[in-house]
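Novice: Pasting the sequence and the predicted model now:
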Amino acid sequence: MAFTAKDVQALREKTGVGMMDCKKALTQADGDMEKAVDILREKGLAAAAKKSSRIAAEGLVYAYVDRDKKVGAMVEVNSETDFVAKNADFQSFVQKIAEIVADKNPADIDALLETSYDGNLSVADALREKILVIGENLSIRRFARYEGDAVAYVHGGGRIGVLVRFDADSAAAASSELQECGKDVAMQIAALNAAYLDKNSVPEEDINKEKEILIAQIKNDPKNANKPEQIIQKMVNGRIGKFYETNCLLNQAFVKNGDITVEQYVSEMSKKAGGAMKIAEYVRFEKGEGLQKREDNFADEVAGMIK
């Protein structure tokens, strides 16, 4: 029995399963819709798809570095509850995803899902299996990947992850100082969440917006409202310096020694390493940031179970 693209779409709407899996099921079922539904159910795909509509904003962030291959990766995989993040099987899955990202360099999440997981399953297949076994919706939300001398840091059991890449010569790259420096800097990023690397990284529109806010603050202060415009501009320029110190990583006071900046600390560690190194880029993930959180009412849940 032949089937059309509309049949594939109808099966997808009925089961929530991806288009390619629906097409395969209809092919296997020779176009029989009900048989195709049974095939998807037998594979567990339909059950996994039903869970996909549920909110997943918990989970883990994990960062991984292969120093021999000079590549690092970080991923965020979300679950519905924090209990799952403590599940050893889930933790191993997240770690494996980070290793796959580092090794295979997928272009985006869709490409990652199509990548081989273990030679038999794709990442998408493995994810569906985990959904069925764990019983919660799981989602691979995002990843980052750096090639070069990278250092990874994970804080709070996977709540925050940081990946830092250095530009380093051979002497610095092989040193323990780079690893020590990288961890210290990553911990600083985890704690203070600098929005920019340095002054040159701040977009002009962000600086202009900050200046507008500062001008408004000064003019709204009765003590400063009547000051000449040139004086106000000088005050703004002075306060912009504080903006850099707060928001630019290299300009921040180093958390382990407030007498020096992060840039000065990196320079000191570079000298100790007997080479040259500087921070090239970094990325910080915080689990569930920007996602809608699931709201559970335990009393209602227990009452529902009794009924």
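Specialist: Here it is on my side, so go on.
Novice: hey, let's count contacts and neighbours off CA atoms from now on
Specialist: Noted.
Novice: in the longest helix seen in the chain, what's buried?
Specialist: Ranked by number of residues, the top helix in the chain under DSSP state H is helix 229-247. Residues of helix 229-247 classed as buried under the neighbour-count rule (16 or more other Cα atoms under 10 Å) are 232, 236, 240, 243, 244, 245, 246, 247.
Novice: swap in stretch 285-293?
Specialist: For stretch 285-293, using 16+ other Cα under 10 Å, the buried residues are 285, 286, 287, 288.
Novice: So which of these sits lowest on pLDDT?
Specialist: Within the set of the buried residues of stretch 285-293, pLDDT is lowest for residue 288 (88).
Novice: so that one, which of the three states?
Specialist: coil (DSSP: H, G, I helix; E, B strand; the rest coil).
Novice: Which residues does the longest helix of the chain contact?
Specialist: Applying Cα atoms under 8 Å, 6 or more residues apart in numbering, the contact partners of helix 229-247 are 194-196, 198-199, 210-211, 214-215, 218, 224, 251-253.
Novice: thinking again about what came up before, reformat the buried residues of helix 229-247 as a markdown table; add distance to residue 12.
Specialist: Shown next, in a markdown table, are the buried residues of helix 229-247 (distance: Cα to Cα, whole Å):
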| residue | distance to residue 12 |
| --- | --- |
| 232 | 62 |
| 236 | 57 |
| 240 | 54 |
| 243 | 51 |
| 244 | 51 |
| 245 | 52 |
| 246 | 49 |
| 247 | 46 |
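Novice: Of those residues, just say which sits nearest to residue 141.
Specialist: Distances from residue 141 to the buried residues of helix 229-247, taken as Cα to Cα, are shortest for residue 247 (26.0 Å).
Novice: And the pLDDT for the closest one?
Specialist: Value for residue 247, per-residue pLDDT: 94.
Novice: do the same with residue 4
Specialist: Per-residue pLDDT puts residue 4 at 88.
Novice: Equivalent analysis for residue 36, please.
Specialist: For residue 36, the predicted pLDDT is 82.
Novice: now swap in residue 55 and tell me
Specialist: For residue 55, the model assigns a pLDDT of 59.
Novice: Same check on residue 302?
Specialist: If you check residue 302, the pLDDT there is 41.
Novice: The contacts of helix 229-247 in helices, which ones?
Specialist: Per DSSP H, the contacts of helix 229-247 map to helices at 210, 211, 214, 215, 218.
Novice: Could you give the separation of the longest helix of the chain from the chain centroid?
Specialist: Here the centre of helix 229-247 is set off from its chain's centre by 33 Å, with Cα atoms, centre = their mean, to the nearest Å.
Novice: any idea how far residue 153 is from residue 64?
Specialist: To residue 64, residue 153 is 8 Å away according to Cα to Cα, to the nearest Å.
Novice: and the helix or strand containing residue 25, what does it pack onto?
Specialist: Here residue 25, judged by DSSP states H and E, is contained in helix 19-28. Secondary-structure packing of helix 19-28 (3 or more Cα pairs under 8 Å, 6 or more residues apart in numbering; DSSP states H and E): helix 5-15, helix 33-42.
Novice: gap between it and the chain center?
Specialist: Worked out by Cα atoms, centre = their mean, helix 19-28 lies 32 Å from the chain centre.
Novice: Got the domain ranges for the protein?
Specialist: Domain assignment for the chain by automatic domain parsing gives 5-51, 60-189+282-286, 199-273.
Novice: highest average neighbour count across these?
Specialist: domain 60-189+282-286 (a mean of 20; mean count of other Cα atoms under 10 Å).
Novice: sorry, back to before: can you tell me what sits against the helix holding residue 25?
Specialist: Contacts of helix 19-28 (Cα under 8 Å, 6+ apart): 3, 8, 9, 11, 12, 32, 33, 35, 36, 37, 39, 40.
Novice: the strands in the protein, which residues?
Specialist: 60-66, 71-78, 139-147, 149-155, 160-168, 253-254, 257-261, 277-286 (DSSP state E).
Novice: okay, and for the stretch 1-150 of the chain, where does confidence drop off?
Specialist: In the predicted model, the stretch 1-150 of the chain carries pLDDT under 70 at residues 1, 13-18, 41-57.
Novice: Quick check: the residue nearest to residue 71 when sequence neighbours are not counted vs residue 198, distance?
Specialist: Closest residue to residue 71 apart from its sequence neighbours, by Cα to Cα, 6 or more residues apart in numbering: residue 147 at 4.4 Å. The spacing between residue 147 and residue 198, counted by Cα to Cα, is 21 Å.
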